[in-house]
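> Test case, fold it:
(chains A, B, C and D)
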Amino acid sequence: MNALLHSAVAIMTPLLLAAMGGLFTELSGMLNIALEGLMLMGAFSSIVFTYLSGSMIWGVLLGIVATMLLATLLAVVTLNLKSNVFITGLATNLLASGLTIVLSFRLFGNKGVVVFDRIGSLPRWDIPLVSDIPVLGAMISGHSPFVYLSWVLLALSSWVLYKTPFGLRLRAAGLHEKTLVSLGLSPSAYRFIAFLVSAFACAIAGAVLTLNLGAFVPNITSGKGWIALVVIFLGQKKPLGLLGASLVFGFADAFSNYAQGAWNVPADFILAIPYLFTLLAMVIVSIHADWKERIKR
Amino acid sequence: MNIRKMLVTILVASMVCSFGSLAAAGMTEQASQEEKPLSVLVYITGVVAGSPPYTALAEGANQFAAEHPNVKVKIYEAGFNQAEWEEQLTSLVATGEYDIVLGSNPSLPEIAVRVGSKFPKQKFVITDAFLEGNSQIRTYLYNQYEQSLYLGYLAGLVTVSDMPYANKALKVGFIAAQEYPLLNKHMVPGFLAGARMINPAIELDFRVVGNWFDANKAADLASSMRAAGVDVFAVIAGGAAQGLFRVAQQQGAYIVYHNDNEYKAAPSHVVGCGSMEQRKLVMEVLSDVLSGSVAYGTASIVGVKEGYLGFHFDDPAYVRNLPQDIRDKFEAFMQEVREGRVSYTLPPL
Amino acid sequence: MSDTAVTMHDIVKTYRETGRCANDHVDLTVGRGEILCLAGENGAGKTTLMKVLYGMEKPESGTITVMGKRVKIDSPLDANRLGIGMVHQHFMLVDEYTVAQNVILGREPMHNRFTIDADAAKRLVDEVIHAHGFSIDPSARVGSLTVGQKQQVEIVKMLYRDVDILILDEPTAVLTEQETASLFGTLRTLRDTGKSLILITHKLHEIKAISDRVAIMRQGRMVGHYETASVDERELAGLMMGKSFSPAIGKTPYGRKQETVLRFAQVSVVRRNQGRPMLKDVSFVARTGEILGFAGVGGNGLGELESVLAGTLPISGGTITHRGQDISKSDAHRLRERGLAYVPSDRLKVGSALEASVSENLIIAARKRFSRHGMMRGKHIMQHARTLIDTYSVQGTADMPIGTLSGGNIQKVILAREIAQYRDYIVFSEPTWGLDIASSKFVHTQMIALRDAGASVLLLSSNLDEILSLSDRVLIFSRGSIVAELEGERLHTVTKEEMGAYMLGMHVREAAHE
Amino acid sequence: MNDRMDRRWKRFLGVPRSALGSLVILFIALAAVFLLSFLLSKTPARTLRYFFIGPLQNTYYLGNMLNTSIPLIFSALGVSLAMRAGSFNLGGEGQLYGGAFIATVSAVAMAGWGIAGVICAIVLGAVTGGVMAAFSGYLRMKWQTNELITTFLLSNAVSLVVGYLIAGPFMDPATNLIATRKIPESFRFSRILEPSNLSSALVMALVMTVVVHLYLYRTKSGYELRMYGLNPRFARYGGINSGSYLVLPMFLSGALYGLGGAMAIFGTYYACMKDFSVGMGWNALAVALIARFRPVAIIPAALFFAYIESGARNAMLHSDVTFEIASIVQSVVFFLVTSSVLQRIGTKRERG
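Below you'll find the model as predicted:
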């Protein structure tokens, strides 16, 4: 059980990060389906830069810059050329998957797995006092720094969204665009920044995937960006909700990993568990929300 | 208004020009083909990168072309969607440009039969597949049951040993990207049978990633399996295998690897690598093609005895990673396999 | 320095989408410390002119002088910087935010370099609220406020920005009598502190009541500036409409009483997560041949009553009968089949599908009549649409998307549809919100004609003039309950102040219903 | 008269207001393709020739291109129908896959039934897709559950289960492809334009487009559906039974996806292969968006899409281009194709 919870937290981290990024665009009024592509770009560029610079910190920072460049393209086409955000999101995903392979070939002469021997494993941090707490300790202690970074960023994004002028205006752009216009503020500007923020978070989410392995595998994100989108909705577009929703998915996934060994059921059925479990959670959440709004009869 | 009309005219004119120049470029190119060399199509049912058999296939063909100036090779990657393979192969064959199609996939013969029926002159040589009796097709089937058998035997030796990362549990693991017939019918049963030759009580923990690239999922699976008592892993998962390599290094576990030398992927944890002489086979096939001695219509099953499957004994990591007694036992077993003294029934595909 | 606050000169603005010239070489001057009414019919170009002044529209040519200085106003930020503020007709408020958050949005008081000082925000907003005698709670969620309170938030938002020149676009369109009176009080106080106010309106008595001067526009042109004292209502109407006009509505006295059509008995609506019922023990009957008026301040149950009548809000208790049959559990679909006709208060969000054509909008409730074996009868539909467009002189064609019509014409289409649909009762909710004099009069005439033809007309309105001049019987709502029923002589003698007292729940019910 | 006809056609097909706008988009896209070819290919001229002319150069490629567009047309009609009712069906891939699977399996089971078997199998496939989508619609009707997410999740789950069924109990033992048994020969649609894969399913696609168009614009139910999609509150106000328009359009949408899947089987593949539908759902969505959910505009949009896809494929077949380069080129086209700013170029400009 402890191992399961520990693993759930590890699995949820990239989802939580990407969902956090997506939350900014979502709150600004844009459905961002490019999370997958941004994550892939981040995964590739951060490990490449880590390899080239020899420092994980520089690598991730430069990876963020590269991912933001892609997001800038997405934002310019969507906001300035006024293209449909869904199509441009799809285009971004296509571009990221093609571009990472082409670049990988240009840089390393290899279109497949690129292993970076020089990159060691991520450190595991044991949290002194917390690790002694029975269940919780096993769950939240002993993870890579990225896990704790994701929580710090979650707190930070919660602060940015709810305590700063930027957050107040960003959310207003999503809630009632015309209000911002009437005050002489540009909703597009806030959406632009939201795209950059989601690139920032997705880049880190991607970095988690590759730096954890010390290798880049084409398509390594394998649908996590879409799950992140689900997490945003399941989490009711609130930072704490994201934490809960990504934990639900992380737990379902960890459980399915465990179940493959324990149950004599075809693997594909078990692989479907996370989706069905999340679907169930989604329905329960909406039943609850709906019940509150009902008229007594 | 005038400016708009002008813009339209310019746009249309420039498009017409560009199309024209394109067509012209195409013409000149076609005209330059005079003497027809042997043209080989290497048809990859997937992508080359990340797949040792496909890499060997492509490299073997390229190497052969480098040695024979009148041989031209085109590598075509058809992607993972098997529903599209036939149409793409048909398109390629329809050009009439290729004297021979090389491929490596169990399902390729039936596609080749259908494509071949439309183009009766087209010849195919397919490895990793089995089909007899079609005069356009020559197949070679690697005996993957056999390779899995001896890799399983090695895994069994390791799991009952007292090597540093081996535990008491009699459990070996197999991580696959996806389930497919060759895997389910030859590789997994072969692996388990090999391990049970050491101790019939050995159990196999078989798990599936769901795709060929989610290395992090593979890593999670590997951790979970390790926690369940698995200490030796086999893996057929393409890029996702990276996850297993990482977990083995971080948490301590052993790996036996199919088809390729991957000792370096997780130094001191990969204890054995099987070999598949795809490159050698391809080059032999191509020289047969040049000399016109290909026995179309026949199929061969090739394994250790024939010299197309083997084991990378020569890598220093093998000696370094395994204690003497295990190596002795394993090498003795391999000798029996080589001499055909190990009896097993090859399950039908 | 002169005593002119704003001079707009030779403003030309053409809308690109329609090619319509909204402002055709318009001049405007506003004095310091005066209330100027900018009057004109719908579509005269008033709002456009003010949006130019507020930096939301770019004119093709023309100059603007503020406090004696030539200025260029490219955005509302520029306008705010120059001390110009604007309260829009459709509120520019984020319902999910608190009053304080809405007010400070875009000009947040800071705790440090990054964090909003929420306490300071509340304090500053509270200061503005108190300084001008408003009555709103800075930490209340805007979505829960009444329309009048929302407007106060809009004004506070501008005052918080220290504006000297305040533009209000049809501020009274959705206000009750009390709210209008208190708004006017506020505006006068503001004027006395030296601020200049520009009110866009087309209500004649309001012009007379509040303004010092009036500028009248007609069809994109400025007719002229007048001292309010020097023109009477009839002259104003003439200037606005370009012909002489009588604002009074003719109405035959209420006579026959006929059979009961609709009966509400102890109807209540309670939402699970709310303590206070939205409607509580509402009982009344509606009869043929009369206009039954419902009056109330926003948030006191008229909105819910409208939804219950429309069949879109289920009731928690009580019964509703129509011609003796229980319709308590009937949804909109069933009610429509029974002949419900209903002109909703929200014409754009409820009453029409803006992207659908006029003809498609016209058949929504009667679609069965225009289809055979599930197929639509295109020719009949077009014929029907053309007839109605002619009868109601709608400015537009049958296949235009209804969203491209003007507000008044959209209301005409809705009216045409519902009158064609009605069988024995028809509900009007705020039928003249935002309509100009001519259109309002048209609506009122139609209602009276319906009554005279024997319909049971239910009129829900926050406009007391409308209620009092049209209704044969009036029910007053406060906090979800009926607090008074006025009929006959009482209806002629009641004052607006008394009505207001009922509506604010200060009087208890005096006339029992049947 | 001429002008009116012109306007009607434009509305009908969703043609941008100015032809110049579309030309500009086309031109920029072409320019981008040129640039990329010179950057990424060693034989740019050859690449470009096969990219642009390849799909049209002979009946074989032309037929295959048209064949590519068939499931796209069905699926894009499916997206559009849901979208027209204001619902977002993001689970098309699973619905298509599930529908194709059930259609194949039942066709195999009903091998002796003749034409009735064909019809039954296709209907069952359509119903499968429809039920999947309708389930999400039902959740939304009942509890306002976001259908965008539930369709997506359900599709992913169902795809995995179908994958298991194909590789497990329903696998054809006679083949090494991971696929079901083939449908009986007599059930297969006739081929047109041999030797290409194009089948008479194309006719079905065209017919279905007209049917969907007529349904939306000529029937009472279609009218109600559109009104509900344009403004649900208005529809409810007008007495349209709003709950059914959360479920019915989703059912029809899923059914069209399922039908698309069945058509791919009966016209092209004859057996349901594992994961054959990968990517089709997204592509259909792109087609529907380009067509702005107008049924008749879906045909040119699907052809355009199939052209780009076949062009990329052709360049791969005949030049040194690989599939990742092809995907970059496609992405560039997608970036531009819906830009309303570019489309507006050439419409009346504001003076001054």
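> Strands along the stretch 101-250 of chain B, start to end?
B:123-127, B:137-142, B:171-176, B:203-208, B:232-236 (DSSP state E, counting those that start in this stretch).
> So what pairs up with the closest residue to residue B:306 other than its chain neighbours in the strands?
Excluding the flanking residues, the one nearest residue B:306 by CB to CB, 6 or more residues apart in numbering or on different chains is residue B:300, at 7.6 Å. Glycine gets a C-beta too; all of them are placed from N, C-alpha and C. Beta bridges link residue B:300 to residue B:140 when assigned by DSSP bridges.
> can you map out the helices along chain A?
Taking DSSP state H, the helices of chain A run over residues A:2-27, A:35-53, A:56-75, A:85-108, A:134-140, A:145-163, A:165-175, A:177-182, A:187-213, A:224-234, A:239-262, A:267-271, A:273-293.
> so can I have a markdown table of these showing distance to residue B:245?
Converted to a markdown table, those look like this (distance: least, CB to CB, whole Å):
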| stretch | distance to residue B:245 |
| --- | --- |
| helix A:2-27 | 17 |
| helix A:35-53 | 15 |
| helix A:56-75 | 19 |
| helix A:85-108 | 18 |
| helix A:134-140 | 26 |
| helix A:145-163 | 20 |
| helix A:165-175 | 42 |
| helix A:177-182 | 50 |
| helix A:187-213 | 8 |
| helix A:224-234 | 21 |
| helix A:239-262 | 18 |
| helix A:267-271 | 21 |
| helix A:273-293 | 24 |
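> May I see those arranged in CSV, with mean pLDDT, mean neighbour count and distance to residue C:346 as well?
Listed next are the helices of chain A as CSV, based on pLDDT from 0 to 100; neighbours: other CB atoms under 10 Å in any protein chain shown; distance: least, CB to CB, whole Å:
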stretch, mean pLDDT, mean neighbour count, distance to residue C:346
helix A:2-27, 91, 26, 26
helix A:35-53, 93, 27, 36
helix A:56-75, 94, 21, 34
helix A:85-108, 88, 22, 28
helix A:134-140, 74, 15, 50
helix A:145-163, 92, 17, 31
helix A:165-175, 93, 22, 19
helix A:177-182, 89, 20, 17
helix A:187-213, 93, 27, 24
helix A:224-234, 88, 27, 28
helix A:239-262, 89, 22, 31
helix A:267-271, 82, 23, 48
helix A:273-293, 84, 17, 19
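> so what's the residue of the stretch 151-300 of chain D found nearest chain C up against?
The stretch 151-300 of chain D approaches chain C most closely through residue D:239 (2.8 Å), counting by CB to the nearest CB. Residue D:239 makes contacts with C:311, C:332, C:333, C:334, C:335, C:336, C:337, C:340, C:364, C:365, as judged by CB atoms under 8 Å, 6 or more residues apart in numbering or on different chains.
> from the residues you listed, which would you call buried?
The neighbour-count criterion (16 or more other CB atoms under 10 Å in any protein chain shown) marks C:311, C:332, C:333, C:335, C:336, C:340, C:364, C:365 among these as buried.
> which one among these gets closest to residue A:57?
Proximity of the buried ones among the contacts of residue D:239 to residue A:57 (CB to CB) peaks at residue C:332, which lies at 60.9 Å.
> what's the neighbour count on residue 126?
Reading this off chain A. 10 (other CB atoms under 10 Å in any protein chain shown).
> Please refer instead to chain B.
By other CB under 10 Å, the burial measure for residue B:126, its neighbour count, is 27.
> re the thing from before, make a markdown table from the strands of the stretch 101-250 of chain B and add mean pLDDT to it.
Output for those, formatted as a markdown table (pLDDT from 0 to 100):
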| stretch | mean pLDDT |
| --- | --- |
| strand B:123-127 | 92 |
| strand B:137-142 | 91 |
| strand B:171-176 | 94 |
| strand B:203-208 | 92 |
| strand B:232-236 | 94 |
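> Let me have the ones you listed in TSV, adding distance to residue C:227 as columns.
Listed next are these as TSV, based on distance: least, CB to CB, whole Å:
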stretch	distance to residue C:227
strand B:123-127	99
strand B:137-142	103
strand B:171-176	90
strand B:203-208	87
strand B:232-236	92
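> give the contact list for the nearest residue to residue A:28 once chain neighbours are set aside.
Spatial nearest neighbour of residue A:28, chain neighbours left out: residue A:194 (4.0 Å); criterion: CB to CB, 6+ apart. By CB under 8 Å, 6+ apart, the contact set of residue A:194 is A:24, A:25, A:27, A:28, A:30, A:170.
> wait, doesn't the second one sit right on residue A:200?
No - Residue A:25 lies out of contact with residue A:200 (CB atoms under 8 Å); the separation is 11.5 Å.
> Next, the buried residues of stretch B:310-321.
Neighbour-count burial for stretch B:310-321 [16+ other CB under 10 Å]: B:310, B:311, B:312, B:315, B:317, B:318, B:321.
> Check the gap between the spatially most central residue of chain B and residue B:275 for me.
Centroid check for chain B by CA atoms, centre = their mean gives residue B:53 as the closest residue, at 2.9 Å. Using CB to CB, to the nearest Å, residue B:53 is found at 11 Å from residue B:275.
> Now the common contact residues for those two.
Shared contacts of residue B:53 and residue B:275, counting by CB under 8 Å, 6+ apart, come down to residue B:259.
> re earlier: name the secondary structure element that contains the residue of the stretch 151-300 of chain D closest to chain C.
Using DSSP states H and E, residue D:239 sits in no helix or strand.
> That one - nearest residue in space that isn't next to it in sequence?
residue C:336 (2.8 Å).
> and that neighbour, what does it touch?
Contacts of residue C:336 (CB under 8 Å, 6+ apart): C:311, C:365, C:421, D:238, D:239.
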